[in-house]
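Asks: just need the structure, nothing else, for what follows:
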Amino acid sequence: MQEDHSLAVTIHDDRLSAVLWIQPQENWMEEHHERLEQVRQTWPETAPMTYEWRPPQES
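Replies: Okay, here's the model as predicted:
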């Protein structure tokens with residue numbers, strides 16, 4: 001993430017490379033962290049590079 005909160009995304013293909021500058025919505029980072037936490041709860045790391053699925057717990 002850049003200082004202005006934009007993202008630089010680089011895409012490489014066999015014959016082409018492209019750089020995209022993306023300006024996500026203001027709350028994008030918080031939403032991203034919430035989704036990441038959901039993934040970590042569903043697929044906890046049980047050993048280095050080893051993950052185990054756990055069904056979601058009801059609130």
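
Asks: check which helix or strand the residue of the chain positioned farthest from its centre maps to.
Replies: Using Cα atoms, centre = their mean, the residue of the chain lying farthest from its centre is residue 15. It sits 26.7 Å away. Here residue 15, judged by DSSP states H and E, is contained in no helix and no strand.

Asks: before we move on, what about the one 4 residues further on?
Replies: Assigned by DSSP H and E, residue 19 belongs to strand 17-22.

Asks: what stretches of the protein score poorly on pLDDT?
Replies: Across the chain, the ranges flagged by pLDDT under 70 are 58-59.

Asks: which residues of it fall in strands?
Replies: For the chain, the strands defined by DSSP state E occupy 7-12, 17-22, 45-47, 50-51.

Asks: could you export those strands as a markdown table, including distance to residue 57 and mean neighbour count?
Replies: Every C-beta, even on glycine, is put in place using the N, C-alpha and C of the backbone. Shown next, in a markdown table, are those (distance: least, Cβ to Cβ, whole Å; neighbours: other Cβ atoms under 10 Å):
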| stretch | distance to residue 57 | mean neighbour count |
| --- | --- | --- |
| strand 7-12 | 32 | 10 |
| strand 17-22 | 34 | 9 |
| strand 45-47 | 17 | 9 |
| strand 50-51 | 17 | 10 |
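
Asks: can you put these in CSV and add distance to residue 36?
Replies: Shown next, in CSV, are those (distance: least, Cβ to Cβ, whole Å):
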stretch, distance to residue 36
strand 7-12, 16
strand 17-22, 18
strand 45-47, 13
strand 50-51, 14
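
Asks: so which of those gets nearest residue 1?
Replies: Evaluated with Cβ to Cβ, the strands of the chain place strand 7-12 nearest to residue 1, the distance being 5.8 Å.

Asks: neighbouring strands of the closest one in the sheet, and parallel or not?
Replies: Note on strand 7-12: by DSSP bridges, its sheet partners are strand 17-22 (antiparallel).

Asks: kindly export the partner strand (C-alpha atoms) in PDB.
Replies: Provided in PDB are the C-alpha atoms of strand 17-22 (Å, rounded to 0.1, in the frame of the first residue of the first chain):
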ATOM      1  CA  SER A  17       3.500  -7.100 -17.900                       C
ATOM      2  CA  ALA A  18       1.100  -4.500 -16.500                       C
ATOM      3  CA  VAL A  19       0.900  -2.300 -13.400                       C
ATOM      4  CA  LEU A  20      -2.400  -1.200 -12.100                       C
ATOM      5  CA  TRP A  21      -2.900   1.500  -9.500                       C
ATOM      6  CA  ILE A  22      -6.000   0.800  -7.500                       C
END
